[in-house]
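Colleague: whatever this is, show me its structure:
(one chain, ligands or ions: 1)
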Amino acid sequence: MNDGGRIAGLAHIGIAVTSLKNAIAHWKKLGFQVTGTETLESMHVTIAFMESVGSTVELLEPTGTDSPIGRFLAKRGEGLHHVAFYVRDLEAALKAAEAQGLELIDRTPRGGSHGRNIAFLHPRSMGGVLVELCERRKP
Ligand code: ZN
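Modeller: Predicted structure coming up:
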């Protein structure tokens with residue numbers, strides 16, 4: 001495998017919430033601090049990032065019910081939505097995942113938060129876990 005396609009650390013844990021305000025209050029109790037918020041119109045979601053010493057949670061509140069997070073909440077309620085890992089070369093990582101027989105949601109990278117390229121693997125081929133690959137290129 002091209003080394004750039006290898007998993008290179010946990011990027012964040014994505015959590016679906018009905019209210020960012022309430023969720024932020026919960027995570028603050030554990031010592032997490034908000035480091036930024038962002039609305040991704042393409043995914044109909046508002047995101048708050050919270051960090052504590054190298055750990056990041058991404059809180060996802062839908063901007064409407066007819067959206068991926070809105071449908072997730074309707075079906076499963078609040079809770080763990082996805083796990084995101086860094087890779088240096090997202091296209092190489094997607095090729096490697098596909099070569100391993102994993103089902104891709106995104107065959108090509110899409111724009112994610114922080115202007116980063118991301119792509120999702122289908123939970124069907126990952127034991128029910130939605131996996132996000134998040135590009136972190138070498139500086
Ligand atoms: Zn994410």
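
Colleague: got a list of contacts for the helix or strand of the chain with the lowest mean pLDDT?
Modeller: For the chain, using mean pLDDT, DSSP states H and E, the weakest element among its helices and strands is strand 110-111, scoring a mean of 87. For strand 110-111, the external contacting residues (Cβ atoms under 8 Å, 6 or more residues apart in numbering) are 40, 42, 117-119. Quick note: C-beta positions are derived from backbone N, CA and C, even for glycine.

Colleague: let's see if you can find the most crowded of those residues.
Modeller: Neighbour tally across these (other Cβ atoms under 10 Å): the maximum, 23 neighbours, falls on Ala119.

Colleague: near the ion, which residues of the protein? Just list them.
Modeller: For the chain, the residues found near the ion under the criterion Cβ under 5 Å from the ion are 14, 58, 84, 132.

Colleague: ok, the first one touching Glu58?
Modeller: Yes - under the criterion of Cβ atoms under 8 Å, Gly14 is in contact with Glu58, at a separation of 4.7 Å.

Colleague: following element in sequence after the least confident helix or strand of the chain, please.
Modeller: Beyond strand 110-111 in the direction of the C-terminus, DSSP states H and E gives the next helix or strand as strand 117-121.

Colleague: now do the following helix or strand past that following strand: distance to the chain's middle.
Modeller: Toward the C-terminus, strand 117-121 is succeeded by strand 131-135 as the next helix or strand (DSSP H and E). Chain-centre distance of strand 131-135: 7 Å, with Cα atoms, centre = their mean, to the nearest Å.

Colleague: what are the pairing partners of strand 131-135, and which direction each?
Modeller: In the sheet containing strand 131-135, the strands it pairs with under DSSP bridges are strand 79-87 (parallel), strand 117-121 (antiparallel).

Colleague: report the buried residues of stretch 104-118.
Modeller: When neighbours are counted by 16 or more other Cβ atoms under 10 Å, the buried residues of stretch 104-118 are found to be 104, 106, 109, 112-113, 116-118.

Colleague: CA atoms only for that stretch, dumped as PDB, please.
Modeller: In PDB, the C-alpha atoms belonging to stretch 104-118 read as follows (Å, rounded to 0.1, in the frame of the first residue of the first chain):
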ATOM      1  CA  LEU A 104     -17.100   3.400  -0.200                       C
ATOM      2  CA  ILE A 105     -19.800   6.100   0.300                       C
ATOM      3  CA  ASP A 106     -17.500   8.600  -1.400                       C
ATOM      4  CA  ARG A 107     -15.500   7.400  -4.300                       C
ATOM      5  CA  THR A 108     -13.800  10.700  -4.500                       C
ATOM      6  CA  PRO A 109     -12.900  13.100  -1.700                       C
ATOM      7  CA  ARG A 110     -15.500  15.800  -0.700                       C
ATOM      8  CA  GLY A 111     -15.000  19.000   1.200                       C
ATOM      9  CA  GLY A 112     -15.400  18.600   5.000                       C
ATOM     10  CA  SER A 113     -15.000  20.900   7.900                       C
ATOM     11  CA  HIS A 114     -11.900  23.100   8.200                       C
ATOM     12  CA  GLY A 115     -11.600  22.900   4.400                       C
ATOM     13  CA  ARG A 116     -10.200  19.400   4.700                       C
ATOM     14  CA  ASN A 117     -10.900  16.700   2.200                       C
ATOM     15  CA  ILE A 118     -12.900  13.800   3.700                       C
END
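
Colleague: cool, thanks, talk later.
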